[in-house]
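Participant: Would you be able to build a 3D model of this:
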Amino acid sequence: MDSNVSNSSDLDPEELFVSLEAMGPELQLFLVILYSCTAIAALGGNGAAIAVLLLGKRRSIRLFLINLALSDMTMALFSIPFTYTDFMLGRWIFLPEFCPVVQFFQHASVSVSVYTLTVVGLDR
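Facilitator: This next block holds a predicted model:
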């Protein structure tokens, strides 16, 4: 066996954690700020759109747009934080039982968006 190859059990836990990070701290900070701003803008913008649509008088397409905004908010809640955390650290750091829940909501929100846009297109 080569003496230069070390076993992962030989590393202390902090060194192992640092070695698993996929990118440097400067890029991580930039991505955290970027993704946080994106999530806040998505939640705020879609929340404002829902409020305006609920108070509006035009009825024909309002429910479709509210449905689309809700699916976008679901995507912002269940995709952005978990995706960038997994991307930055190179591994899933949350409870293992939460992984299928996040995957379900990501797929469901994309499906709802696609089907809502399809129905809007057919309606027009």
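Participant: Sketch out the low-pLDDT regions of this structure for me.
Facilitator: Applying pLDDT under 70 to the chain flags the ranges 1-23.
Participant: for it, what's the longest helix?
Facilitator: With DSSP state H setting the assignment, residue counts place helix 25-55 as the longest helix in the chain.
Participant: Remind me what that helix packs against, helices and strands.
Facilitator: For helix 25-55, the contact count by 3 or more CB pairs under 8 Å, 6 or more residues apart in numbering; DSSP states H and E identifies helix 62-78, helix 80-89 as packing neighbours. In this view, the C-beta of every residue, glycine as well, is placed from N, C-alpha and C.
Participant: tally of neighbours for Asn46?
Facilitator: By the measure other CB atoms under 10 Å, the count of residues near Asn46 is 20.
Participant: quick one, which of the helices and strands packed on helix 25-55 is packed in tightest?
Facilitator: Ranked by mean neighbour count, these are led by helix 62-78 with a mean of 18 (mean count of other CB atoms under 10 Å).
Participant: Would you mind getting the angle between that helix and helix 25-55?
Facilitator: 160 degrees (axes from the mean of the first three to the mean of the last three CA atoms, to 10 degrees).
Participant: Pull helix 62-78 out as PDB, backbone CA atoms only.
Facilitator: As requested, C-alpha coordinates have been extracted for helix 62-78 and formatted as PDB (Å, rounded to 0.1, in the frame of the first residue of the first chain):
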ATOM      1  CA  ARG A  62     -56.700  35.000 -12.200                       C
ATOM      2  CA  LEU A  63     -56.900  31.500 -10.700                       C
ATOM      3  CA  PHE A  64     -54.300  30.200 -13.100                       C
ATOM      4  CA  LEU A  65     -51.900  33.000 -12.300                       C
ATOM      5  CA  ILE A  66     -52.400  32.500  -8.500                       C
ATOM      6  CA  ASN A  67     -51.700  28.800  -9.000                       C
ATOM      7  CA  LEU A  68     -48.600  29.600 -11.000                       C
ATOM      8  CA  ALA A  69     -47.300  32.000  -8.300                       C
ATOM      9  CA  LEU A  70     -48.000  29.400  -5.500                       C
ATOM     10  CA  SER A  71     -46.000  26.800  -7.400                       C
ATOM     11  CA  ASP A  72     -43.100  29.300  -7.900                       C
ATOM     12  CA  MET A  73     -43.200  30.100  -4.200                       C
ATOM     13  CA  THR A  74     -43.000  26.300  -3.500                       C
ATOM     14  CA  MET A  75     -40.000  26.100  -5.800                       C
ATOM     15  CA  ALA A  76     -38.300  29.000  -4.000                       C
ATOM     16  CA  LEU A  77     -38.900  27.300  -0.600                       C
ATOM     17  CA  PHE A  78     -37.900  23.800  -1.600                       C
END
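Participant: All good on my end, thank you.
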